[in-house]
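Visitor: Sequence and predicted structure below; questions after.
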Amino acid sequence: MELIAKYGKEDLAILYIAKNQGKIVEFVESLQPPIPREKKWVLIISTMYGCPIGCMMCDAGEFYHGKISKDDMMKEIDLMIRSRFPDGKVPITKFKIQFARMGEPTLNEEVLDLLKELPSTYEAPGLMPCISTIAPKGSEEFLENLIKIKDKYYSKGNFQLQFSIHSTNEETRSKWMSPNIWTIEEIGKYGEKWFKEGDRKVTLNFAVAKDSEIDPDIILKYCDPSKYWIKLTPVNPTEKAIYNKLKSGITEENSESVSLVQEFKERGFEASISIGEWEENDIGTNCGQFATKYQNGEVKIKETYTTTNYAFTE
């Protein structure tokens, strides 16, 4: 794997662009200011070269060149870890590895093999993998096996599972993501099998658009508040979101006053608005994907990352 460029800010987030067997891949490391790195460090890796799904707010679906192998996903992780911890010892309280950059992880069976190997590859007591999925049809076997892996390797709250919901209107969900996805009812039934005492609650994520239809009573119908928590996020300003005229219902100006949070809490859910630093929209780590721009020849890289600037040079 050849590193082409690093792009970002040392005290916030860094986007890596790499080339592997002629294919472009990107991955990210990020912090959550003001939490220091020794308390929380997040790696976000790609599981595919692009993505076959084509969600309306995600630039990764502009192209798809196949799945990334277990060994090559490990290279993404290893590059970021070894640059800071050459001995592979990661003494961080909360060390999250999110399978959430480019690609739908549940359609790549080698993600499961990687999850089995991670605990023995690094000395990282704070390790917490995170799978973020739209739950596409065809992922049933993957998700059943994921329960077994979670129970064996990541019990006692050391695994985070997130489903992208976005709307409680199933027609809207089909339009935004794919018609070939699990319904909210199916996600609710799976979560009942997933959750065991001591586990982290299953995350239901809503990227909130201005005209989103989000009915907390529908979520309550299928999902037990003791086993699920609600995360509301902005619709990030990706090229696809802009093209599809998806305007965020959560902005920097109104983020403290979104009524949906209280509506979910009144029904017994833990609920919060989750926003990275707004500056990440400019860096491209909060949205993306720069690999698409590079793939399409829209960006030419002349310089790599510096500690004071972030910029791809035209």
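Guide: Nice, I can see it. Numbering: from 1, shown residues only.

Visitor: so residue 65, which of the three states?
Guide: strand (DSSP: H, G, I helix; E, B strand; the rest coil).

Visitor: quick one: the closest residue to residue 198 other than its chain neighbours and residue 197, what's the gap?
Guide: Leaving aside its sequence neighbours, residue 198 sits nearest to residue 156 (CB to CB, 6 or more residues apart in numbering; 4.8 Å). Where you see a C-beta, it was placed from the backbone N, CA and C, and this is true even at glycine. As judged by CB to CB, to the nearest Å, residue 156 and residue 197 stand 9 Å apart.

Visitor: Between the two, which has more neighbouring residues?
Guide: residue 156 (10 against 6; other CB atoms under 10 Å).

Visitor: Could you grab the helix/strand/coil label for that one?
Guide: Under three-state DSSP, residue 156 comes out as coil.

Visitor: my read: it touches residue 200, true?
Guide: No: judged on CB atoms under 8 Å, residue 156 makes no contact with residue 200 at a distance of 9.4 Å.

Visitor: Next up, the contacts around the residue positioned nearest the centre of the chain.
Guide: The centroid of the chain falls nearest to residue 100 when counting by CA atoms, centre = their mean (3.1 Å). By CB atoms under 8 Å, 6 or more residues apart in numbering, residue 100 lies in contact with 44, 45, 130, 131, 132, 162.

Visitor: And the residues you listed, which of them are buried?
Guide: 44, 45, 130, 131, 132, 162 (16 or more other CB atoms under 10 Å).

Visitor: Show the low-confidence segments of the chain, by residue range.
Guide: Applying pLDDT under 70 to the chain picks out residues 255-257, 276-314.

Visitor: ranges for the helices of it?
Guide: 70-84, 110-121, 140-153, 170-176, 184-194, 216-222, 239-243, 259-266, 280-283, 290-295 (DSSP state H).

Visitor: Show me the beta-bridge partners of residue 48.
Guide: For residue 48, the beta-bridge partners are residue 67 (DSSP bridges).

Visitor: surely it meets residue 104?
Guide: Yes: under the contact definition of CB under 8 Å, residue 48 touches residue 104, with a separation of 7.0 Å.

Visitor: between those two, which one's more packed in?
Guide: Between residue 48 and residue 104, counting by other CB under 10 Å, residue 104 is the more crowded of the two (30 against 24).

Visitor: Any figure for the gap between residue 105 and residue 35?
Guide: 25 Å.

Visitor: Pull the contacting residues for residue 165.
Guide: 173, 184, 187, 204, 205, 206, 219.

Visitor: Now the first one: closest residue in space, sequence neighbours ignored.
Guide: Among residues not flanking residue 173 along the chain, residue 167 sits closest, at 5.3 Å (CB to CB, 6+ apart).

Visitor: Next, the contact list for that neighbour, please.
Guide: 173, 176, 206, 212, 213, 214.

Visitor: switch the cut-off to 10 Å
Guide: 173-177, 184, 206-209, 211-215, 218 (CB atoms under 10 Å, 6 or more residues apart in numbering).

Visitor: Closest one to residue 228 out of those, please.
Guide: Ranked by distance to residue 228 (CB to CB), the contacts of residue 167 are led by residue 184 at 10.9 Å.

Visitor: Isn't that closest one up against residue 222?
Guide: Yes: Residue 184 is within contact range of residue 222, at 5.4 Å (criterion: CB atoms under 10 Å).

Visitor: and these two? which has more neighbours close in?
Guide: Per other CB under 10 Å, whichever of residue 184 and residue 222 has more neighbours is residue 184, with 22 against 18.

Visitor: bridging residues for the nearest residue to residue 205 once chain neighbours are set aside?
Guide: Spatial nearest neighbour of residue 205, excluding adjacent residues (CB to CB, 6+ apart): residue 231 at 4.7 Å. Beta-bridge partners recorded for residue 231 (DSSP bridges): residue 205, residue 272.

Visitor: Understood, closing this out.
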